[in-house]
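J.: coords please:
(4 chains)
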4 protein chains.
Amino acid sequence: MSGHGSRTWFFPDGDIPPPGEHEPFGHESLIMLNPNDDDAEVVLTLYFEDRDPHVLPPLAVEARRVRCLTLSDPIDGYRIPLGQYALRLESTVPLVCQIGRMDIRQPNLAYYTVLGHPVD
Amino acid sequence: MSGHGSRTWFFPDGDIPPPGEHEPFGHESLIMLNPNDDDAEVVLTLYFEDRDPHVLPPLAVEARRVRCLTLSDPIDGYRIPLGQYALRLESTVPLVCQIGRMDIRQPNLAYYTVLGHPVD
Amino acid sequence: MSGHGSRTWFFPDGDIPPPGEHEPFGHESLIMLNPNDDDAEVVLTLYFEDRDPHVLPPLAVEARRVRCLTLSDPIDGYRIPLGQYALRLESTVPLVCQIGRMDIRQPNLAYYTVLGHPVD
Amino acid sequence: MSGHGSRTWFFPDGDIPPPGEHEPFGHESLIMLNPNDDDAEVVLTLYFEDRDPHVLPPLAVEARRVRCLTLSDPIDGYRIPLGQYALRLESTVPLVCQIGRMDIRQPNLAYYTVLGHPVD
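T.: Down below sits the predicted model:
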């Protein structure tokens, strides 16, 4: 159950961008790399400015795979509301995680990305 | 008083962008996630190139909430001057913090972001 | 064999951008700094969403040099496929590593960059 | 001599952008925050792809000040050549450091930034 990466990651600044009307569509994504030999079960907790956190159903990230979760699409039927949110990721297996946003609310796209803040 | 995150964060590169004349307005923001069970009291210190630091009155970040502080708006009546500045954040409770800038001084926006540098 | 930097780096979010038809061409690059006094031998492992990892032949990064590897060009005859991928770097000598993307799929370029996540 | 920050920082990906012909001019900057009570003496080492490192004369960063060094301007009479370079910063006092690039080679600017990789 040991391996490279961390089991807990925080992303303070989430904000779903407008999708726009043509490709490439505006979106926000969470990228989870599992470089280890065990499949991971991942629980995401969403934090908001003015209400209690929301916990999403567990997701799988297979061993030796990268998974890109589009946060601007419904996740298991749940749609992240517009506006400021933050994210905690807890995994049964160490992962390496990054968040990326593509904003296309003008003719040209803009990127916004950080590696998460890893804990233990 | 323990928990995920750090009590001290540094942001070396602050620079309030011009707001422009239409939405989305240019701005700079500090995003503070408190994933823990105690409310946090936060003290921000501003550093400049050519004068002594300025300490802002304490701010609150509630337990299990994210707070987005718009640095380009007045904070408790204080307006951060234009030009280079840096930021130290000290919190009574561990937080996870990020700074983001949206620059719209041309027809299309540009993003600039980093997680802070955490200490203890 | 000791020195500044780390021997293992992870980059969760790789995605080769379209090159476009004029300079500056869209590209993705891995920048490897070897500030130490021994030459480094580097092995890159590529991770994908739906198939097993691919290991590239060893590369050299000379002592006291920086090397920029263009990931959007063939590497030793291997072309990274389009779509999501992730990267693990393992080096015989500690390095400091960063990934950068220039996206030019609109009239203006956009940048996307992170330092890698260092391990041991 | 103790304090917040690190005495050694690495920036793998430096690349002076074209200045362009109007404001805001393209530039690359190193931002050094000294939040401590002692003045810092800083030595910068430049690394290249194909020749030996170049060491710049010492610079000062005063106590409780932030200093922004424009890397695209001559530094003590030395002009960083165009193309890939990397940077090591060594300070007598702990600092917190970030690099930022503004690229204006198209009608709209693009930003590129990372905190450095801190060591000891």
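
J.: who touches stretch A:112-120?
T.: Applying CB atoms under 8 Å, 6 or more residues apart in numbering or on different chains, the contact partners of stretch A:112-120 are A:5-13, A:89, A:96-101, A:103, B:4-5, B:96, B:98, B:100, B:111, B:113-115, B:118, C:12-13, C:112-115, C:117. C-beta here means a position set from N, CA and C on the backbone, and glycine is covered the same way.

J.: buried sites along that stretch?
T.: By 16 or more other CB atoms under 10 Å in any protein chain shown, the buried positions in stretch A:112-120 come out as A:112-119.

J.: Longest strand in chain A, by number of residues?
T.: Secondary structure assigned by DSSP state E gives strand A:85-103 as the longest strand of chain A.

J.: what is the rounded mean pLDDT of the helix or strand just after that strand?
T.: Sequence-wise, the next helix or strand beyond strand A:85-103 is strand A:110-115, with elements assigned using DSSP states H and E. The pLDDT scores in strand A:110-115 average 81.

J.: Out of the buried residues of stretch A:112-120, flag the one nearest to B:R65.
T.: Of all these, the one sitting nearest B:R65 is A:H117; the distance, using CB to CB, is 16.9 Å.

J.: if you skip the residues just before and after it, what's nearest to the residue most central in space within chain A?
T.: The residue lying closest to the centre of chain A (CA atoms, centre = their mean) is A:L30, at 2.8 Å. The spatial neighbour of A:L30 that comes closest, neighbours along the chain excluded (CB to CB, 6 or more residues apart in numbering or on different chains), is A:L69 at 4.7 Å.

J.: Which residues are in contact with A:R64?
T.: A:R64 is in contact with A:34-37, C:47, C:52-53, counting by CB under 8 Å, 6+ apart.

J.: actually A:S29, not the one I typed
T.: A:68-72, A:99-101, C:13.

J.: Of all pairs in those, which one spans the longest distance?
T.: Among those, A:S72 and C:D13 lie farthest apart (CB to CB), at 15.6 Å.

J.: Of these two, which one has the most company?
T.: C:D13 (26 against 19; other CB atoms under 10 Å in any protein chain shown).

J.: Could you report the neighbour count for A:N36?
T.: 20.

J.: pretty sure it contacts A:G5?
T.: Yes - under the criterion of CB atoms under 8 Å, A:N36 makes contact with A:G5 at 7.2 Å.

J.: Tell me how far A:A40 lies from chain B.
T.: Separation of A:A40 from chain B (CB to the nearest CB, to the nearest Å): 19 Å.

J.: And A:E23, by the same measure?
T.: When distances are taken as CB to the nearest CB, A:E23 and chain B turn out to be 17 Å apart.

J.: Low-confidence stretches in chain A?
T.: For chain A, applying pLDDT under 70 flags the ranges A:1-2, A:120.

J.: Mind doing that once more with 50?
T.: For chain A, applying pLDDT under 50 flags the ranges A:1.

J.: Could you show which parts of it are in contact with chain C?
T.: Within chain A, the residues that sit near chain C (CB under 8 Å from any CB of the partner chain) are A:4-5, A:24, A:29, A:31-33, A:35, A:64-68, A:96-98, A:100, A:107-111, A:113-115, A:118.
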